[in-house]
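> 3D, please:
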Amino acid sequence: MPIYEYRCDSCSGKFEVLTRFAERDTSQICPSCESTKTRVLVSSFAVAGGNESSLDFGSEQTGGGGCCGGGCGSCGSSPN
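Next up, the predicted model:
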């Protein structure tokens with residue numbers, strides 16, 4: 001189940017709810033003021049880099065990288 005972010009119209013508080021997609025537009029109870037005047041927000045997500053080369057995860061990197069910075073030897077610049 002996805003986590004959706006809501007905003008309370010009564011107190012302007014923001015909170016998250018783990019709910020099904022089919023129920024995301026249903027009013028939720030605000031944990032701060034217990035109002036049901038809430039609405040789902042459009043959440044953003046992170047996008048890496050500003051150019052295409054920063055999104056090339058398959059290229060060989062020098063100085064580590066990968067899942068743990070290359071320290072474990074199973075990713076990054078260390079060949080396995």
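> C-alpha from now on. contacts and neighbour counts both.
Will do.
> buried ones in stretch 17-34?
Using 16 or more other C-alpha atoms under 10 Å as the test for burial, stretch 17-34 gives 17, 24, 28-30.
> residue 15: what's it in contact with?
5-7, 30-31 (C-alpha atoms under 8 Å, 6 or more residues apart in numbering).
> which one of those is nearest to residue 43?
residue 5 (6.8 Å; C-alpha to C-alpha).
> give me the neighbour count for the nearest residue to the closest one once chain neighbours are set aside.
Using C-alpha to C-alpha, 6 or more residues apart in numbering and skipping residues adjacent in sequence, the residue nearest residue 5 is residue 16, 4.4 Å away. Other residues near residue 16 come to 15 when the count uses other C-alpha atoms under 10 Å.
> can you tell me the helix or strand for residue 16?
For residue 16, the host element (DSSP states H and E) is strand 14-18.
> could you spell out the sheet neighbours of that strand, each with its direction?
Next to strand 14-18 in the sheet, as set by DSSP bridges, lie strand 3-8 (antiparallel).
> want to throw the contacts of residue 15 into JSON lines with pLDDT and distance to residue 38?
Shown next, in JSON lines, are the contacts of residue 15 (pLDDT from 0 to 100; distance: C-alpha to C-alpha, whole Å):
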{"residue": "5", "pLDDT": "94", "distance to residue 38": "10"}
{"residue": "6", "pLDDT": "95", "distance to residue 38": "6"}
{"residue": "7", "pLDDT": "95", "distance to residue 38": "6"}
{"residue": "30", "pLDDT": "96", "distance to residue 38": "7"}
{"residue": "31", "pLDDT": "95", "distance to residue 38": "11"}
